[in-house]
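In: here is a sequence together with a model predicted from it:
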Amino acid sequence: MSALAAARGGMNRVLRPFGVQMVRGRSDDPAIQPFLSARRTLTAARRADLSIEDYIDRRSAVPGATVETVNALFRLADSREKMQRICEIGAGSGRYAARVIVSEHPDTYEIYETAGDWLPRLRSLPNVVLQPADGHTLSATPTGSVDLVHAHKVFVYLPLVVTIGYLDEMARVVRPGGIVAFDVVNEDCLDDEMTRNWVSSRATLYCMISRSWLLGHLAQRGLSLLGGHFVPLSGGRTELLVFRKA
């Protein structure tokens, strides 16, 4: 067994209680390796007679977590204008994308996704444009061009420097008056139960970011916080933060 295979096996033993696994990606960059295998996840969902959304919610969060997150996003955004152009980072299985598309019926839904095995499913969603993803930027999206740019269960796994780069890119591509939304693990997410779960499971895959620093960093880029909403995460919770561009 190679050192890489052994390392991947060790990580999967840590991930197993959370119902996810690491699989081979198209890059050696740890920031863009996929965690969920499309083939295995789709097969398991079919066997369980569940939609992808419901299957992943039940395995890695709580039933209904996806729709709750999308509803919270639009409630906090309180936008009365049609969102014609939307961009999502790390759409993965497409469970959030499908919900947002049904809600907003955008003319264009841009997706940056590095996990090649999920691309056929994402391509089947209405009005989707798959952008070339490098795992760090939104380089194919013009400045000030989207009404909503969002990411879910992405920044909780990425190194801080990658997350900061993506946040700056989100601030760049959103139009004035547009919405930026994403979830992170910050200090307000932690409680005794969550930390006990992480320590006992040795869950080293999660990354934290300071809420106060984050708000200050994005305020300098013209983003004002509209509100936050806690959403389930395997073994704990994240905070969905929703901003408007000045």
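Out: Happy to help now that I have it.
In: so residue 129 sits in a helix?
Out: No: the assignment for residue 129, made by DSSP: H, G, I helix; E, B strand; the rest coil, is strand rather than a helix.
In: residues contacting residue 237?
Out: Contact analysis of residue 237 by C-beta atoms under 8 Å, 6 or more residues apart in numbering lists 189, 194, 230-231. For glycine as for every other residue, the C-beta is placed from the backbone atoms N, C-alpha and C.
In: strand partners of the helix or strand where it lies, parallel vs antiparallel please.
Out: Assigned by DSSP states H and E, residue 237 belongs to strand 236-245. Next to strand 236-245 in the sheet, as set by DSSP bridges, lie strand 174-184 (antiparallel), strand 223-233 (antiparallel).
In: so where's the protein uncertain?
Out: Within the chain, the segments meeting pLDDT under 70 span 1-35, 61, 203.
In: if we use 50, what do you get?
Out: Regions of the chain meeting the criterion pLDDT under 50 cover residues 1-34.
In: which residues touch the residue nearest the centre of the chain?
Out: Nearest to the geometric centre of the chain sits residue 152, at 2.4 Å (C-alpha atoms, centre = their mean). For residue 152, the contact set (C-beta under 8 Å, 6+ apart) comprises 69, 90, 96, 182-183, 240.
In: can you rerun that using 7 Å?
Out: 69, 96, 183 (C-beta atoms under 7 Å, 6 or more residues apart in numbering).
In: what of residue 184?
Out: Contacts of residue 184 (C-beta under 7 Å, 6+ apart): 155-156, 209, 238-239, 241.
In: can you do 6 Å?
Out: Residues in contact with residue 184 (C-beta atoms under 6 Å, 6 or more residues apart in numbering) are 155, 209.
In: repeat for residue 211
Out: Residues in contact with residue 211 (C-beta under 6 Å, 6+ apart) are 186-188.
In: among those residues, which ones are buried?
Out: Buried residues within these, counting neighbours by 16 or more other C-beta atoms under 10 Å: residue 186.
In: now the contacts of residue 211 in JSON lines, with distance to residue 82 and secondary structure?
Out: Formatted as JSON lines, the contacts of residue 211 follow (distance: C-beta to C-beta, whole Å; DSSP: H, G, I helix; E, B strand; the rest coil):
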{"residue": "186", "distance to residue 82": "31", "secondary structure": "coil"}
{"residue": "187", "distance to residue 82": "36", "secondary structure": "helix"}
{"residue": "188", "distance to residue 82": "33", "secondary structure": "helix"}
